[in-house]
Structures are given as C-alpha cells and as structure tokens.
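*Asks:* okay, here's the prediction I keep looking at, along with the sequence it came from:
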Amino acid sequence: MADQRDLFPGFAKHRIDAPTGQIFARSGGSGPPLLLLHGFPQTHVEWHRIAPGFAERFTVVVMDLRGYGQSSAPPSHKGEAYAKREMARDGVAVMAALGFQRFRLVGHDRGARVAYRLALDHPASVEKLAVIDIVPTVEMWRSMDAASAMNVYHWLMLAQPEPMPETLLTGAPIPWLEHTLASWTATNSLDAFDPDALAAYRRAFDDPARIHAFCEDYRAGATIDRTYDEADALAERKITAPLLALWGAHGIPAKGKSPLEVWRRWATDVSGEAVEGGHFLPEENPQRTLAALLGFL
C-alpha cells in the first residue's frame, strides 16, 4: 500500500504522558493556544481541512482522544476509564505539557462532550468553548424517543454490556465504520471525506482493543457521564466561558429542540448557528465551519 500523505504538513508530532497512558498530538502555527478534539468514529485527522486556517492565527493542537487513533487505550470496565471527566484531564495534561495553562477549545461529537466537561471541571483553563453538532449528554437521554433512538441507535448498541457490541463490531469493523460515516452526512455517502482521511479512520478502527475503548466511551455516556451532568444540572452549575454551538442543518441536533435553547440552560454566554451539512461539518463544509469558528474565537 502506498504511503499516506501527511495531512498536517508543518505540524510537529508529540507523545505526551497523561493520567492513564500516552496521548498522541500534533501542533502547528503561532498565536494564542487552541485545542481541537475530534469525535467518533474518527481521529485527530478530522481537522485536517481547517487546522491550516486556524494555524494562521493560533497555536493549534490536535490530539487523539484516549482509546482513539494513536493514543493509548487504557483498560476499562463499565466505562470508568472513558468517563468524559477522565478524558478531559488528558486535554488539560496535553496543553500543560506544551506550555499552555489556558486555551481556546473546540470539540466535535464525542470530543465536544469531553470539551464541555473540561469547561465545567476546569473553568480556569478554558477561555472560549465551541461545540459542534451536539447537545449535552443528559439532554440527549432525556429527549430520547422512538425517532431519536432510531437516529442514534449506536448510543444504545455500543453501551450494552461487554462483549456483545465488541463481538458484533469486530466481525465487520470496516463496513460498519463506512456505513456510519456515510449515514451521518447530508448526502448519505463518503464523498465528503478525503481518501487519506478515510484510510486513517479505517486503520484506527480495525483494532479490537480500540473497538472495546469505543464501547467503553459509550458505556460511560449512558451511565457515568449522565450522572455528572445530572449533578451539575441539579446544582445549577453552568459553563462560564463564552460558548458557540454549531450544528449541521441536516444533523441530529437539528431534528430536536433548538440547540441554542438547550445550551442556554448550560452556559451563561451562548451564541450559535446551523451550518449547511450533516454531522461532520469540519469535513463536509470546512470553509463555512472555519469562518464561523474564527469569527467566535
């Protein structure tokens, strides 16, 4: 197989010690620090189309979440190692290792769940926060009905006790990955994805240890993360950093209550808008996504 081209030319590579293993990250550009957190079923590669634009104004750090891409996949049972509180500590550790105590933060999908937990647990670390195509985890569960459960069936499937979901996914990992990526786009196809990005996602997904980590991520979402959110809602704790919510005009949050209405219950300073596309805005509509994020950051 031919070597894959470097999707982050000029970016340095790092392997940084974090609370339960090593986190793989890349950094580039100059200016105020900016951390980008990817979603499922991707890796840091999802930012390759907009990271160069950010790097013209910011010192950009892209990292693989624990269990994903080239980062360590710590052992876990019932989601404890993949609670978003634990994953948020990785982000703080990576930025501290690179010399940044306070930074701007953008997250997509699972990375956005890590990002808003980081903003709640480490408010002094976050200058501004942007979340892409999500509402808080507990809000997803509270609003779950038959239609939404069909749209996000993987939330229920992957959260089932091991080893059932792991067994199913390891039986046909790449077809499931490609079906999932395509079905969450506005065009229901893989056309939005760069071939080398797809190759990176396939390599990272075709690994039983990582498939177990993905399931643990979703098990945490069904239990531990939900409990943390419920406690914060009860205590009326809110994100104090300015928050931008972006969502795909054809994505999952667009099918429910207004994302802005939801996020205003969770943060004190909220703005946002829909962007043409499905779930994968950094790859489906990179120009508009970058413009919206730069205008906020």
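*Replies:* Structure received.

*Asks:* so for the nearest residue to residue 169 once chain neighbours are set aside, what's the pLDDT?
*Replies:* Taking C-beta to C-beta, 6 or more residues apart in numbering, and ignoring the residues beside it in sequence, residue 169 has residue 211 as its nearest neighbour in space, at 4.8 Å. (Each C-beta comes from the backbone N, C-alpha and C, glycine too.) pLDDT recorded at residue 211 is 97.

*Asks:* equivalent analysis for residue 39, please.
*Replies:* Confidence at residue 39, expressed as pLDDT, is 98.

*Asks:* what residue ranges in the stretch 151-297 of the chain score low on pLDDT?
*Replies:* Applying pLDDT under 70 to the stretch 151-297 of the chain flags no residue at all.

*Asks:* list the buried residues of stretch 88-97.
*Replies:* In terms of neighbour count (16 or more other C-beta atoms under 10 Å), stretch 88-97 has its buried residues at 88, 89, 90, 91, 92, 94, 95.

*Asks:* burial count for the residue nearest to residue 169?
*Replies:* Using other C-beta atoms under 10 Å as the criterion, residue 211 is surrounded by 24 other residues.

*Asks:* please, where are all the helices along the stretch 101-250 of the chain?
*Replies:* Assigned by DSSP state H, counting those that start in this stretch, the stretch 101-250 of the chain shows helices spanning 110-121, 137-142, 146-151, 153-158, 164-171, 173-183, 195-205, 208-222, 224-235.

*Asks:* tell me how many other residues crowd residue 28.
*Replies:* When neighbours are counted by other C-beta under 10 Å, residue 28 registers 18.

*Asks:* check contacts around it.
*Replies:* When contacts are counted by C-beta atoms under 8 Å, 6 or more residues apart in numbering, residue 28 touches 8, 10, 11, 12, 51, 55, 59, 60.

*Asks:* in terms of helices and strands, where is it?
*Replies:* Using DSSP states H and E, the secondary-structure element containing residue 28 is strand 21-29.

*Asks:* paired strands for that strand, with orientation please.
*Replies:* Here the strand partners of strand 21-29, with direction, are listed using DSSP bridges: strand 12-18 (antiparallel), strand 59-63 (antiparallel).

*Asks:* which element is encountered next along the chain beyond it?
*Replies:* The first helix or strand that comes after strand 21-29 along the chain, using DSSP H and E, is strand 33-37.

*Asks:* that next one packs against which elements?
*Replies:* Applying 3 or more C-beta pairs under 8 Å, 6 or more residues apart in numbering; DSSP states H and E, we find strand 33-37 packed against helix 51-55, strand 59-63, helix 84-97, strand 103-108, helix 110-121.
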